[in-house]
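1. One predicted model, sequence on top.
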Amino acid sequence: MRISSSQINQRGTDAILERQASASKVQLQLSTGKRLLTPSDDPSAAAAVVSLNQSIASSEQYQRNSDFAKSRLQQEESALVSIENVLQRVREMTLLGVNATQTVETRGSIADEMDLLLDDLMALANTRDATNSFLFAGYQDKSQPFTENPDGSFSYLGDSGTRMLQISDNRQIASHDSGRDVFMDITSGNRTFEVADNDANRGGGVIDPGWVTNPAAYDGGVYSVVFPVETQATNSLTFTDNIGTDDSLQYTLAINGTTVYTVDEASTAINTIDDLANQINLSESTTGVRAYVENGNIFLAGTPGTAGIQVTESMTGGTNTDNDEVTGYFGTVLNQDNNPTATIDYDDATVDRYLVVDSQFNIETSGTYQENARIDFAGVYTNIKGQPSPHDSFVVTPSVKQDIFTTVRNLSNAIRSAGGVTESSRAQSLNTVNRELTNLDRGKDKIDEVRSSVGARLRTIDVQTDLNVEFSISIQERRAELEDLDFVAAINRFNSERTALEASQQAYVRMQGLNLFSML
């Protein structure tokens, strides 16, 4: 085969260029420290590096999310600590305000300080974070969430949204809490039921917030503790017509001036205690009096604030000369000559019996009233301190939602009136204080609950941050194994490529001298 001089030159040039390219690639690897300069250097390794880079970028984003969530939660925790301190101070001031040694002036000063504490509480609830966003506004974090209305009530203008931040492939964390959950939706009373006195009570009874003894037995109904007066009523109405029935004797029963029942001797009269009580209750809207039957006895309870109950029995239709008589249900012997009308005043100064009735006026339980003695019914119990008056009442209702600001405002108002001049006004203030202190404790419980949740989330973030760092380091190590250069091997390879290049160059020079002209 004939090889021309040009072919020899071309082959030599190609060999030199190939060696130069190889040496240049190794030199570039040494200068960058990277084994992979192009995907073609190692396609499978290059694809793995791309995937690892994406994982590292995600891990860095998770870390940024963790840092942001941690910053917000730390600010929220700080605000919650301050809120707990405010609520504790409100409690201390309340207990100080109800002390009997306080005067009207000192109670007013205490209530003024509680109003300032309420302002502090509002300011804390409207706390902003480092980005000037409101911590407790839900998704509406650019608008102030809490405001006080002209009527003294409080409104929440945020929503119930909770922003979740991704801090790992499979974990999200709430970076804040909704103000509705923290401040507004506080379950009142003992979280099952709450108690209240009637504003018109005349006595000094103060009811305890109570406890649940059997959750399964409590039906969530409305119950009232009433203090009625006991009567001597029977189911017997007797007509005594000394000349037969020609006089047509008539009996009339009236309560507080309103006729509730009329019957004559020729008609069939009511003959059961239950029917008599039902007849009285038909006129309750007019008389303000309700009758209850327990163990065959009739008890009468007037509207709270009622000073007494008057039961009037009268007869008509008799003849003066015949000594006609009627013995009424309440035991009065009526005589046409001497005593045709008789009034019984039920205005006892003290009470010795209580009834617990449901919303349909059915008696749930009853007993002899003793101060501080347990009153058990429907799976719950309470007790009453002090001396109620006849016809006073207390109500037990299912717990509702009450915001913590209203609770503080109610306590402030109760302290201002705690030194009332009458026993009933003082009892009313104490009932309000007892009720609202229980609500305040529920608010503190809620703050503690949220604070515990915040602490748990902060711990979660710390743990996940450590995991993310470890994961990122392991990924970076794997990426380094795939793309980073082994400098010892690369230097040896570079020396080898340089030697090969020099040899190619020398061979090319020698080949240039091997031609026919150099032999002439």
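-> Now that the structure is in, tell me what you want to look at.

2. all contacts plus neighbour counts: C-alpha atoms, from now on.
-> OK.

3. how about the nearest residue to residue 353, chain neighbours excluded?
-> residue 368 (4.5 Å; Cα to Cα, 6 or more residues apart in numbering).

4. pretty sure the one you found contacts residue 355?
-> No: Residue 368 lies out of contact with residue 355 (Cα atoms under 8 Å); the separation is 9.1 Å.

5. So these two - more neighbours on which side?
-> residue 355 (24 against 12; other Cα atoms under 10 Å).

6. In stretch 347-367, which residues are buried?
-> Neighbour counts over stretch 347-367 (16 or more other Cα atoms under 10 Å) mark 347, 351, 352, 353, 354, 355, 356, 357, 358, 363, 365, 366 as buried.

7. Quick one: these as TSV, columns for distance to residue 68 too.
-> Shown next, in TSV, are those (distance: Cα to Cα, whole Å):
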residue	distance to residue 68
347	70
351	64
352	65
353	63
354	60
355	59
356	56
357	56
358	54
363	59
365	58
366	60
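
8. from these, which two are the most distant?
-> Taking Cα to Cα, the two most distant members of the buried residues of stretch 347-367 are 347 and 358; they sit 24.9 Å apart.

9. which residues of this protein fall in helices?
-> Listed in chain order, the helices of the chain (DSSP state H) span 5-32, 43-97, 104-125, 179, 273-281, 284-287, 404-416, 423-483, 487-513.

10. Report all helices and strands that the fourth one contacts.
-> Just to be clear, that refers to helix 179. Using 3 or more Cα pairs under 8 Å, 6 or more residues apart in numbering; DSSP states H and E as the contact test, no helix or strand touches helix 179.

11. who's in contact with it?
-> 125, 136, 137, 138, 145, 156, 158, 159, 160 (Cα atoms under 8 Å, 6 or more residues apart in numbering).

12. quick check: mean pLDDT across that helix?
-> Throughout helix 179, pLDDT has a mean value of 95.

13. from the chain's centre, how far out does it sit?
-> Computed by Cα atoms, centre = their mean, to the nearest Å, the chain-centroid distance of helix 179 equals 10 Å.

14. Quick one: mean pLDDT over stretch 218-226.
-> On average, stretch 218-226 scores 95.

15. swap in stretch 235-250?
-> Averaged across stretch 235-250, pLDDT comes to 79.

16. Next: stretch 84-102.
-> If you average the pLDDT values across stretch 84-102, you get 93.

17. ok now it, how far from the chain's centre?
-> 23 Å.

18. what's in contact with that stretch?
-> Stretch 84-102 has contacts (Cα under 8 Å, 6+ apart) with 106-107, 110-111, 114, 117, 120-121, 408, 411-412, 415, 418-419, 430, 433, 437, 440, 444, 447-448.

19. Please apply the same query to stretch 103-115.
-> Applying Cα under 8 Å, 6+ apart, the contact partners of stretch 103-115 are 90, 93, 97, 408, 409, 412, 413, 415, 416, 418, 419.

20. Now, of those, which are buried?
-> Buried by 16+ other Cα under 10 Å: 90, 93, 97, 408, 409, 412, 413, 415, 416, 418, 419, out of the contacts of stretch 103-115.

21. OK, contacts around the fourth one?
-> Spelled out, that is residue 408. Contact analysis of residue 408 by Cα under 8 Å, 6+ apart lists 90, 114, 118, 436, 440.

22. let's see it at 6 Å
-> Residues counted as contacts of residue 408 (Cα atoms under 6 Å, 6 or more residues apart in numbering): none.

23. Distance-wise, check it relative to residue 382.
-> 24 Å (Cα to Cα, to the nearest Å).

24. got it, and the third one?
-> The gap separating residue 97 from residue 382 is 24 Å, by Cα to Cα.

25. With the fifth one instead?
-> To residue 382, residue 409 is 25 Å away according to Cα to Cα.

26. What ranges in the stretch 101-250 of the chain fall below the confidence cut-off?
-> For the stretch 101-250 of the chain, the stretches with pLDDT under 70 are 243-247.

27. now the strands for it?
-> Remark: strands assigned in the stretch 101-250 of the chain by DSSP state E, counting those that start in this stretch are 146-148, 154-156, 164-168, 171-174, 186-187, 193-197, 206-207, 211-212, 223-226, 229-230, 238-240, 250-255.

28. To residue 79, which of these lies closest?
-> Distance to residue 79, taken as Cα to Cα, is lowest for strand 146-148 among the strands of the stretch 101-250 of the chain, at 14.9 Å.

29. Parallel or antiparallel, which strands does that closest one pair with?
-> If you go by DSSP bridges, strand 146-148 pairs up with strand 154-156 (antiparallel).

30. Show me what the partner strand is in contact with.
-> Contacts of strand 154-156 with the rest of the structure, by Cα under 6 Å, 6+ apart, involve 145, 146, 147, 148.

31. thinking the first one is in contact with residue 157, fair?
-> Yes: counting by Cα atoms under 6 Å, a contact exists between residue 145 and residue 157, whose distance comes to 4.7 Å.

32. Neighbour count for these two, which is higher?
-> Between residue 145 and residue 157, counting by other Cα under 10 Å, residue 145 is the more crowded of the two (24 against 15).

33. contacting residues for the more buried one?
-> 137, 156, 157, 158.

34. Throw the contacts of strand 154-156 into JSON lines and include distance to residue 58, thanks.
-> Shown next, in JSON lines, are the contacts of strand 154-156 (distance: Cα to Cα, whole Å):
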{"residue": "145", "distance to residue 58": "34"}
{"residue": "146", "distance to residue 58": "37"}
{"residue": "147", "distance to residue 58": "41"}
{"residue": "148", "distance to residue 58": "44"}
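
35. what about stretch 340-359, start to end distance?
-> Termini of stretch 340-359 sit 39 Å apart (Cα to Cα).

36. possible to save the contacts of stretch 103-115 as a markdown table with distance to residue 165?
-> Formatted as a markdown table, the contacts of stretch 103-115 follow (distance: Cα to Cα, whole Å):
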| residue | distance to residue 165 |
| --- | --- |
| 90 | 36 |
| 93 | 41 |
| 97 | 46 |
| 408 | 34 |
| 409 | 36 |
| 412 | 40 |
| 413 | 43 |
| 415 | 45 |
| 416 | 47 |
| 418 | 49 |
| 419 | 53 |
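
37. Closest one of those to residue 298?
-> Within these, proximity to residue 298 (Cα to Cα) peaks at residue 418, which comes in at 36.7 Å.

38. For the residue nearest to the closest one when sequence neighbours are not counted, give its distance to residue 435.
-> Leaving aside its sequence neighbours, residue 418 sits nearest to residue 429 (Cα to Cα, 6+ apart; 5.0 Å). From residue 429 across to residue 435, the span is 10 Å (Cα to Cα).

39. State the number of residues packed around the residue lying closest to residue 276 once chain neighbours are set aside.
-> With Cα to Cα, 6+ apart as the criterion, residue 276 has its nearest non-adjacent residue at 6.4 Å, and that residue is residue 270. Look at residue 270: counted by other Cα under 10 Å, it has 16 neighbours.

40. same check, this time on residue 191
-> Residue 191 has 17 neighbours, counted by other Cα under 10 Å.
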